[in-house]
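Chemist: A predicted structure for the sequence below; I have some questions about it.
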Amino acid sequence: MAASPYIKMYMAVDHYENFPVASLLLPARLREPITHIYRFARSADDIADEGDASEPIRLAQLAGYRKALHDIGSGTFEPAQIDAPADIFIPLARTIHKHQLPLQAFFDLLSAFEQDVSIHRYANDAALLDYCSRSANPVGRLMLHLYQAVTPQNLQESDAICTGLQLVNFWQDVAIDWRKSRIYLPQDKLARYGVSETDIATQRIDAAWQGLMQAQVQQARELLRRGLPLARRLPGRIGLELKLVVHGGLRILERLDQLHYDVFFHRPTLQKRDWAVLLWRALR
């Protein structure tokens, strides 16, 4: 999964980008529960994406995760009886119960991992955004529960941030995803702008490609800006962390613009010099 709301440049961990598990800004009381959630998502993501296992084996392993979640919800969870890693699910069960976290968020994440196993193309925005609503948005919702900041407005703005960051990651990683036989650019958008899969395979950067990517970048930018009021409203270190994350995503989009959407030879990343800019923007 090419994920997002806490994008990978904010973590001292590797590839599941949704969690700020190593952030110095994270309140100490939240580091343990977030680590437990992260380990669940990271391990399930690995089942879906890593190694050479067949599709049926991957789905069977994820079914074990689904059964363990059901057991946690029903109060019948017994570590010795689950077909899933006990060292992940024992602390996760404790965190879910202690913080009264919604199980639906975990089931939504799991459904996205299961989808990653077999679906590698998206017909239109509706299909892609539905995927984002399960692959990215649940993370922000879980964070709001941990922050004890769940309101309808906060949930809506969190969803905008998480989906926006997920899209940033997609457009940043078009070439990487292509090597995994995945295309997240909606098929109807490819047709509308006259871009083919052959163009992606041959790394063709022309006016059609630039027009398509400019539109996709603007879509992500609008989502991040729509969610930014949440980062300003959350207090203290939590709000500052989220502002840095959102501005980091916006900065990546600036890089994409500057590169004229050449994601094949120049993957846009943040450099050390960007941190001063991000901190200044976050503190404004």
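Modeler: Arrived safely, thanks for sending. Residues are numbered from 1 along each chain as shown.
Chemist: Kindly list the main-chain dihedrals of residue 235?
Modeler: phi -80, psi 160 (degrees, to the nearest 10).
Chemist: er, residue 234 actually
Modeler: Torsion angles, degrees, to the nearest 10, at residue 234: phi -70, psi 140.
Chemist: I figured it hits residue 242, correct?
Modeler: Yes. Counting by C-beta atoms under 8 Å, residue 242 is a contact partner of residue 234 at 6.0 Å. (C-beta placed from N, C-alpha, C; glycine too.)
Chemist: The two: which is more packed in?
Modeler: residue 242 (28 against 21; other C-beta atoms under 10 Å).
Chemist: Now do the contacts for the more buried one.
Modeler: 5, 161, 230-231, 234 (C-beta atoms under 8 Å, 6 or more residues apart in numbering).
Chemist: Just the element for it, please.
Modeler: Take DSSP states H and E as the rule and residue 242 turns out to sit in helix 236-258.
Chemist: got it, and residue 46?
Modeler: Here residue 46 is assigned to helix 28-49, by DSSP H and E.
Chemist: Looking at this structure, which helix is longest?
Modeler: helix 207-233 (DSSP state H).
Chemist: Please point out which parts of that helix sit buried.
Modeler: 208-210, 212-213, 216-217, 219-221, 223-224, 226-228, 230-231 (16 or more other C-beta atoms under 10 Å).
Chemist: need the strands for the stretch 51-200 of the chain, in chain order.
Modeler: Listed in chain order, the stretch 51-200 of the chain contains no strands at all (DSSP state E, counting those that start in this stretch).
Chemist: So which residues of this protein form helices?
Modeler: 28-49, 55-74, 86-99, 103-118, 125-135, 137-147, 152-172, 174-179, 187-193, 197-201, 207-233, 236-258, 272-283.
Chemist: can those go into a markdown table with extra columns for mean pLDDT and distance to residue 80?
Modeler: Below are the helices of the chain laid out as a markdown table (pLDDT from 0 to 100; distance: least, C-beta to C-beta, whole Å):
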| stretch | mean pLDDT | distance to residue 80 |
| --- | --- | --- |
| helix 28-49 | 92 | 19 |
| helix 55-74 | 96 | 12 |
| helix 86-99 | 96 | 8 |
| helix 103-118 | 97 | 21 |
| helix 125-135 | 97 | 30 |
| helix 137-147 | 95 | 27 |
| helix 152-172 | 96 | 35 |
| helix 174-179 | 94 | 39 |
| helix 187-193 | 98 | 46 |
| helix 197-201 | 97 | 48 |
| helix 207-233 | 97 | 42 |
| helix 236-258 | 90 | 37 |
| helix 272-283 | 75 | 47 |
